[in-house]
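[1] here is a sequence with its predicted model. Questions after.
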Amino acid sequence: MNDTPLNLADLADLARESLPEMAWGYYADGARDQVTLGENPAAWQSLRFRPRMLMEVERRSLMTRVLGRPQPWPLVVAPMAFQGMAHPDGEVATARAAGMSGVPMVCSTLSNRSIEEVCAASREPTWFQLYVYRDRGASKALIQRAEAAGAKALVLTVDCPILGTREGDIRRGFHLPEGLICANLSGTAGEALPPIAKESGLGAYVASLIEPNLGWKDIAWLRGITDLPILLKGVLHAEDARIAAEHRVAGVVVSNHGGRQLDSAISTARALDEIQQATGGSIELHVDGGIRRGGDVLKAMALGAKAVWLGRPVLHGLAWAGGSGVSFALSLLRNELDEAMALAGVTSLADIPADLLAGPWRGAHGGDTVRP
Ligand SMILES: Cc1cc2nc3c(=O)[nH]c(=O)nc-3n(C[C@H](O)[C@H](O)[C@H](O)COP(=O)(O)O)c2cc1C
């Protein structure tokens, strides 16, 4: 039997076999009852294509522009903490694979490898994900460090004023394995996580350092200290996307943090649909959460996304086979996207017909005849 993974679900199975339970659980779990975790992929699956035929589809273009820059296909590797648990090369291997696939990688504030190492590993832009600390001086220093390392955009995570509880992490007593550090936080209080008692030590750490009082005023503060384009990650309400556009940020990432923050938050497919309807192209929209098939990417683009961010499957590739596993995961998704385009009669992502999609919940916005 051929044991090469055929799809991202196979890859997840292989990763599970190769990871210690504590790491697998930390990567896999969502908050509380994990309702949103399950609904993210289900919402993409619930959408249906209205394919067109006789469209002369031999030549297809997956090209797109993300933050004004051309990309061979519309993917971004999402920021994910602690990739050193999946592979010793951690974020460096992920960045290299993202670069080889022609797409940006977002380096988490909580990466095990430093932003300098991550930027140096990729030939494509690296973006830096920021958690704003109560200590604004430390935050400013972190941003300046990322800029100096060569980061090309700042991703401000806005859905994490406090950490959502993953009960599995508490049960398993989640802690960073010996030898792994938060490499971007050297010189600040966070270089090593505090020891774990019964509660998740990560929660205590985040609570002690991250600013729960982040507000719209802080966007102006950020714009005052950096010229990098700013993306707000974690927007789920159309009104927030509208206010973000007023604050002249470069874009928003429609995201529920992969179901890891507010449980029962709306699925990202639905939220993207609502936000696109309300903002009508006034701000660049990206999306993540539960994207597991190339067809899901096409659906996201049809709902108005400029780029799709991929989370856990990247970690699964990394755990399975290091950087080549990440490359494998990305190529699976890209090939599936290309196939879905051909079969749907779409030859260019720049030119997706407005009526490509139907779906059960799209009726709230004018029947299932889809956006104009
Ligand atoms: C293990 C793990 C760690 C994460 N760490 C971060 C992080 O440090 N910062 C952040 O903004 N989002 C973080 N996220 C959320 C991801 O960026 C992304 O929104 C989510 O994983 C996308 O959903 P998907 O995993 O279903 O593709 C993390 C997600 C996972 C699974």
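    Happy to help now that I have it. Everything numeric in this text was worked out from a predicted model, so none of it was measured.
[2] quick check, Tyr27 in contact with Glu21.
    No - between Tyr27 and Glu21 there is no contact under C-beta atoms under 8 Å: 10.9 Å. Any C-beta I mention is one placed from the backbone N, CA and C, and that applies to glycine too.
[3] pull the number of nearby residues for the closest residue in space to Asp263 that isn't next to it in sequence.
    Computed as C-beta to C-beta, 6 or more residues apart in numbering, the closest residue to Asp263 that is not its neighbour in sequence is Arg32, at 3.8 Å. Using other C-beta atoms under 10 Å, Arg32 is surrounded by 18 other residues.
[4] now Arg32: how far from the ligand?
    15 Å (C-beta to the nearest ligand atom, to the nearest Å).
[5] do Val308 as well
    The spacing between Val308 and the ligand, counted by C-beta to the nearest ligand atom, is 9 Å.
[6] is that residue located within a strand, as I assumed?
    Yes - the assignment for Val308 is a strand, going by DSSP: H, G, I helix; E, B strand; the rest coil.
[7] the closest residue in space to Ala31 that isn't next to it in sequence: neighbour count?
    Distance criterion C-beta to C-beta, 6+ apart; nearest residue to Ala31, sequence neighbours excluded, is Gly164 at 3.7 Å. For Gly164, the count of nearby residues is 19 (other C-beta under 10 Å).
[8] and Ser255, what does it touch?
    Counting by C-beta atoms under 8 Å, 6 or more residues apart in numbering, Ser255 touches 159, 233-236, 268, 287-289, 309.
[9] what residues does the stretch 101-250 of the chain put near the ligand?
    When proximity is defined as C-beta under 6 Å from any ligand atom, the stretch 101-250 of the chain approaches the ligand at 108, 110, 129, 157, 233.
[10] is the first one in contact with Pro79, as I believe?
    Yes - applying C-beta under 8 Å, one finds Ser108 in contact with Pro79, separated by 4.0 Å.
[11] that older thread, now neighbour count, secondary structure and pLDDT too, for the contacts of Ser255, in CSV please.
    As requested, these are exported to CSV (neighbours: other C-beta atoms under 10 Å; DSSP: H, G, I helix; E, B strand; the rest coil; pLDDT from 0 to 100):
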residue, neighbour count, secondary structure, pLDDT
Asp159, 18, coil, 98
Lys233, 24, strand, 98
Gly234, 21, strand, 98
Val235, 29, strand, 98
Leu236, 26, coil, 98
Thr268, 33, helix, 98
Val287, 31, strand, 99
Asp288, 26, strand, 99
Gly289, 33, coil, 99
Trp309, 28, strand, 99
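[12] ok, which pair from these is furthest apart?
    Spanning the widest gap among the contacts of Ser255 are Leu236 and Trp309, at 14.5 Å by C-beta to C-beta.
[13] before we move on, back to that, what about Tyr27 and Glu21, which has more around it?
    More crowded of Tyr27 and Glu21, by other C-beta under 10 Å: Tyr27, with 24 against 10.
[14] how near is that one to the ligand?
    Distance, Tyr27 to the ligand, using C-beta to the nearest ligand atom: 4 Å.
[15] let's number from 56 now, not from 1
    Sure, I'll start numbering at 56, so the last one becomes Tyr82.
[16] now do the contacts for that residue.
    70, 74, 135, 140-141, 367, 370-371.
[17] again, only using 7 Å
    Under the criterion of C-beta atoms under 7 Å, 6 or more residues apart in numbering, the contact list for Tyr82 reads 367, 370.
[18] also the one 3 residues further on?
    Contacts for Gly85 were tallied using C-beta under 7 Å, 6+ apart; they are 91-92, 221, 313-315, 318.
[19] what is the nearest of those to Gly377?
    Among those, Gly313 lies closest to Gly377 (C-beta to C-beta), at 22.0 Å.
[20] so how many other residues sit close to that closest one?
    23.
[21] identify the residues contacting the closest residue to the ligand within the stretch 206-355 of the chain.
    The ligand sits closest to Gly313 of the stretch 206-355 of the chain, with a gap of 2.9 Å, by C-beta to the nearest ligand atom. For Gly313, the contacting residues are 85, 344, 366-367, by C-beta under 7 Å, 6+ apart.
[22] among those residues, which two are most distant?
    Gly85 and Gly366 (11.4 Å).
[23] can you give me the strands for the protein?
    Applying DSSP state E to the chain gives strands spanning 103-104, 119-121, 124-126, 130-132, 160-162, 181-185, 209-212, 285-290, 306-309, 339-343, 362-365, 412-413.
[24] show residues contacting the fifth one.
    Residues external to strand 160-162 that are found in contact with it (C-beta under 7 Å, 6+ apart): 131-134, 146, 149-150, 153, 170, 173, 177, 181-184, 210.
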